[in-house]
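J.: generate a structure from the sequence data that follows.
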Amino acid sequence: MSHIAENLQEVHARIDRAAGAAQRPTDAIRLLAVSKTFPADDIRTAFAAGQRAFGENYVQEAISKIEALADLRTEIEWHFIGPLQSNKTRPVAEHFDWVHSIDRLKIAQRLSEQRPDTLPPLNVCLQVNVSGEASKSGVPPQDAPALARAIASLPKLRLRGLMSIPEPAADLAAQRQPHRILRELYETLRAQGIALDTLSMGMSSDLEAAVLEGATMVRIGTAIFGKRDYAH
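T.: Numbering: from 1, shown residues only. Take a look at the predicted model:
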């Protein structure tokens, strides 16, 4: 068995344990394998081990992998999870199934306009800056309801939920706090009649805290593929 397959088994075991602790069904939490900076062959290995959803951060790198894995296109679900500039929206609208990182209406409008008619609506999440970090992308929580309503009205997009990348925290209680902010916002929007079903939160270091707070999708890279080498 490859180390990627072994790592996937261990990540699933972590999700199972966290779901048990949260008294949630394991199948309520989807695993998104974050494959940025790793080669297409690693994605193929993970696919062979049963993984189907993959997350990418860099448009050009992602498109080259999507093309290299074209034979698996009908079975792989491609998620764009990085910051998205307006001049890069067209290839994302044309190649991806999900975008998690929308924090401006202009980006959403461009994705909607550029989504090909031959494809189903693009699944999107609103990125919320729950930690208030100046360096982080994301809409402030107080501005999220108005932006969510505007995005939900766009054609060719399907607003699925919320995403966040909180600042790292040392212990479980501190890790849970920003995830709780996102979950409470999610529940508020649902109560206002916006049909959301996705909470994209939690990474290799805080998966357990995210599941305890209601994550429906965890974005795991290092724990599956290993340490990243950004030199390439």
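
J.: okay, CA-based contacts and neighbour counts for the rest of this
T.: OK.

J.: quick one: the helices in this structure?
T.: 3-21, 40-48, 59-68, 89-95, 105-114, 144-152, 172-191, 207-212, 222-225 (DSSP state H).

J.: okay, those in a markdown table with distance to S135 and mean pLDDT next?
T.: Listed next are the helices of the chain as a markdown table, based on distance: least, C-alpha to C-alpha, whole Å; pLDDT from 0 to 100:
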| stretch | distance to S135 | mean pLDDT |
| --- | --- | --- |
| helix 3-21 | 29 | 98 |
| helix 40-48 | 30 | 98 |
| helix 59-68 | 20 | 98 |
| helix 89-95 | 21 | 98 |
| helix 105-114 | 19 | 98 |
| helix 144-152 | 18 | 97 |
| helix 172-191 | 16 | 97 |
| helix 207-212 | 22 | 97 |
| helix 222-225 | 22 | 97 |
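
J.: mean neighbour count, those helices: which tops it?
T.: helix 207-212 (a mean of 25; mean count of other C-alpha atoms under 10 Å).

J.: closest one to V130 among the helices of the chain?
T.: Among those, the nearest to V130 by C-alpha to C-alpha is helix 172-191 (5.8 Å).

J.: okay, angle between the closest one and helix 144-152 too, please.
T.: Interaxial angle, helix 172-191 versus helix 144-152 (axes from the mean of the first three to the mean of the last three C-alpha atoms, to 10 degrees): 50 degrees.

J.: returning to that earlier point: out of the helices of the chain, which gets nearest to P121?
T.: helix 105-114 (8.4 Å).

J.: what's the angle from the closest one to helix 144-152?
T.: Using the same axes, to 10 degrees: helix 105-114 against helix 144-152 is 10 degrees.

J.: quick one: contacts of helix 105-114?
T.: 84-86, 89-90, 92-94, 102, 122, 147, 150-151, 154-157 (C-alpha atoms under 8 Å, 6 or more residues apart in numbering).

J.: thinking W78 is in contact with A93, fair?
T.: No: under the criterion of C-alpha atoms under 8 Å, W78 makes no contact with A93, lying 11.3 Å away.

J.: re earlier: any chance of the helices of the chain in JSON lines, plus distance to G161?
T.: Converted to JSON lines, the helices of the chain look like this (distance: least, C-alpha to C-alpha, whole Å):
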{"stretch": "helix 3-21", "distance to G161": "20"}
{"stretch": "helix 40-48", "distance to G161": "25"}
{"stretch": "helix 59-68", "distance to G161": "22"}
{"stretch": "helix 89-95", "distance to G161": "18"}
{"stretch": "helix 105-114", "distance to G161": "14"}
{"stretch": "helix 144-152", "distance to G161": "9"}
{"stretch": "helix 172-191", "distance to G161": "7"}
{"stretch": "helix 207-212", "distance to G161": "15"}
{"stretch": "helix 222-225", "distance to G161": "24"}
